[in-house]
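A.B. asks: Please find the sequence and the predicted model below.
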Amino acid sequence: MATKDPLDNYYELNWYYTTSDTRLDQAVTRLMEAIDKGRKGGEVDLGKTRQTDIRNQVVVLLINFIRIYRYDSEMHLGFHRDTKAYTTKSHSNPLHVAVSIARVVDALVVLGFLEGVKGRQSFTRPRISRARPLKAFADTYLRPLLDMNFYLHDDAPAIVLRDKKEDKKKKGKELPVPQTQIVRDMEKLVRRYRRFLRAYEISAPDEAFEHLEQDLPDDVHIRRIFNDGQMNKGGRFYGAWWQQIPSEFRNKITIDGEKTVELDFQGQTICHLYAREGMNFSKDIGGDPYDLDGIPRKLTKLICVVILNTKTDHTTWRAITARFEKEVSVGQDILKHTTEYHDFKKVLAKLREKHKKIFQYFHQMVALDIQFEDSEICASVIRYLLDKKIPVLTIHDSFLVKEGARAELEEAMKQAYLSRRDHLKNGLPKIEDK
């Protein structure tokens, strides 16, 4: 992972992974002995922290450092020193990780096992604390365990509900998830899906993982994330590494060594808007919903997403230009339509003309409503294929399966719409190969 500042190369503490490998317990015991020796000798001070609590923190730290080190030996582990960062709910924090983990890290720094940098907070660049293993620690506790197999704890959250964002640059505050039967069924499906995928080896070329940002190649903490404090806003499946790698590497993904095929709902967002008007875009309009004369498809597709989550043409333009500013290289075919606002307005005029049947939804902040619809379609595809014991990897509106399961995937995608009892029943988009 290439970053300008080494401290930006970090993975945030994750307490949801575990292992059945007994070697971890042995390593934890040895490390606890070293910590106890340091406490008795007066080198480290862990206050009144109970021995069982210290051991829990050591378990989580070792798991994190092993997972990080086998991917990038220079990567830091990021962790918070604020009690608010640690939930006390046992189902969300099975090992009861607490702010005391910072004291354990500090002790390991004093003992010469880690190097640490305490976090600094500022208006311009907030930081969490960082730590990474020194050579002696890596040689003793990490290298011998790099072949260890970790898997997601069954109690890891399957459903996340976030409040409305107060700051667009930050995630919304997590809220209690309502325990209705519908939500419990959602949780059951997610956990069933995660357990099912655990039996398969899902791989991609090493270079694909070079593009991950603060994620690891074995991250599969799949969960549904709902937004704005409502269980019908958002709800997409997130947390798998195959969603994070660049799209050009997805055709290199294998499942148990077998090649995969990816199918996509063409223009799903636009098709859902037409379905609200009682129309099927593929049958009643036809063609590619993102095809605008003389306009790059990439730009049109992005506008169709952003315009549903912005209130004016100008804020849409600002959001689009901000997105492209983050890209390393943007072609002149796009820049000539986005650099100046008056040129961008011409693109919007073409878009409104092409989609005059649905342009009333533009700037109506319905993006999360549409996301909920496509997340429910995604859930249906997953359920259909789970029942047939076929592994599927989801990327919101597209899906990967082994090449031999292409027909079953296409049928699952069709049935996800045909089995609906609302306006989406007749809204099936065109299914195409990616």
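C.D. replies: Sure thing, it's come through. Numbers count the residues shown, from 1 in each chain.
A.B. asks: going forward, measure contacts between C-alpha atoms and count neighbours the same way
C.D. replies: Noted.
A.B. asks: State the number of residues packed around residue 236.
C.D. replies: A count of nearby residues for residue 236, using other C-alpha atoms under 10 Å, gives 26.
A.B. asks: Would you mind measuring from the closest residue to residue 276 other than its chain neighbours to residue 135?
C.D. replies: In this structure, residue 276 finds its nearest non-sequential neighbour in residue 423, 6.0 Å apart by C-alpha to C-alpha, 6 or more residues apart in numbering. Using C-alpha to C-alpha, to the nearest Å, we find residue 423 at a distance of 60 Å from residue 135.
A.B. asks: Check residue 365 too.
C.D. replies: In terms of C-alpha to C-alpha, residue 365 sits 52 Å off from residue 135.
A.B. asks: Can you name the residues in contact with stretch 272-281?
C.D. replies: Residues outside stretch 272-281 that contact it (C-alpha atoms under 8 Å, 6 or more residues apart in numbering) are 271, 289, 357-358, 361, 370, 423-424, 426-429.
A.B. asks: Go again with 6 Å.
C.D. replies: 271, 423-424, 427 (C-alpha atoms under 6 Å, 6 or more residues apart in numbering).
A.B. asks: ok, back up a step: please state the backbone phi and psi of the residue nearest to residue 276?
C.D. replies: Main-chain dihedrals, residue 423, degrees, to the nearest 10: phi -60, psi -20.
A.B. asks: separation between it and residue 270?
C.D. replies: According to C-alpha to C-alpha, residue 423 and residue 270 sit 14 Å apart.
A.B. asks: ok, these two, which is more surrounded?
C.D. replies: Using other C-alpha under 10 Å as the criterion, residue 423 and residue 270 rank with residue 270 on top: 19 against 16.
A.B. asks: And for the residue nearest to residue 204 when sequence neighbours are not counted, the neighbour number?
C.D. replies: In this structure, residue 204 finds its nearest non-sequential neighbour in residue 253, 4.5 Å apart by C-alpha to C-alpha, 6+ apart. Using other C-alpha under 10 Å, residue 253 is surrounded by 23 other residues.
A.B. asks: just to revisit the earlier point, can I get the contacts of stretch 272-281 in JSON lines including pLDDT and distance to residue 245?
C.D. replies: Shown next, in JSON lines, are the contacts of stretch 272-281 (pLDDT from 0 to 100; distance: C-alpha to C-alpha, whole Å):
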{"residue": "271", "pLDDT": "97", "distance to residue 245": "26"}
{"residue": "423", "pLDDT": "96", "distance to residue 245": "33"}
{"residue": "424", "pLDDT": "97", "distance to residue 245": "30"}
{"residue": "427", "pLDDT": "96", "distance to residue 245": "29"}
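A.B. asks: Model confidence score at residue 120, please.
C.D. replies: The model reports residue 120 with a pLDDT of 60.
A.B. asks: got a list of what residue 86 touches?
C.D. replies: Neighbouring residues of residue 86 by C-alpha under 6 Å, 6+ apart: residue 98.
A.B. asks: what about the closest residue to residue 364 other than its chain neighbours, which SS state?
C.D. replies: Closest residue to residue 364 apart from its sequence neighbours, by C-alpha to C-alpha, 6+ apart: residue 308 at 6.2 Å. Put simply, residue 308 is coil when judged by DSSP: H, G, I helix; E, B strand; the rest coil.
A.B. asks: ok, back up a step: pick out the most distant pair among the contacts of stretch 272-281.
C.D. replies: Using C-alpha to C-alpha, the two most remote members of the contacts of stretch 272-281 are 271 and 423, lying 11.1 Å apart.
A.B. asks: From residue 401, how far off is the residue nearest to residue 204?
C.D. replies: Taking C-alpha to C-alpha, one finds residue 253 at 10 Å from residue 401.
A.B. asks: again, but for residue 420
C.D. replies: For residue 420, the distance to residue 401 equals 23 Å [C-alpha to C-alpha].
A.B. asks: Among the two, which residue is more densely surrounded?
C.D. replies: residue 401 (25 against 15).
A.B. asks: ok so that one is a strand residue?
C.D. replies: Yes: Residue 401 forms part of a strand when assessed by three-state DSSP.
A.B. asks: Work out for me the element the residue lying closest to residue 159 once chain neighbours are set aside sits within.
C.D. replies: Using C-alpha to C-alpha, 6+ apart and skipping residues adjacent in sequence, the residue nearest residue 159 is residue 224, 5.0 Å away. For residue 224, the host element (DSSP states H and E) is strand 220-226.
A.B. asks: Just checking the distance from that strand to the centre of its chain.
C.D. replies: 7 Å (C-alpha atoms, centre = their mean, to the nearest Å).
A.B. asks: Kindly report the same for stretch 391-399.
C.D. replies: On C-alpha atoms, centre = their mean, the centre of stretch 391-399 falls 13 Å from that of its chain.
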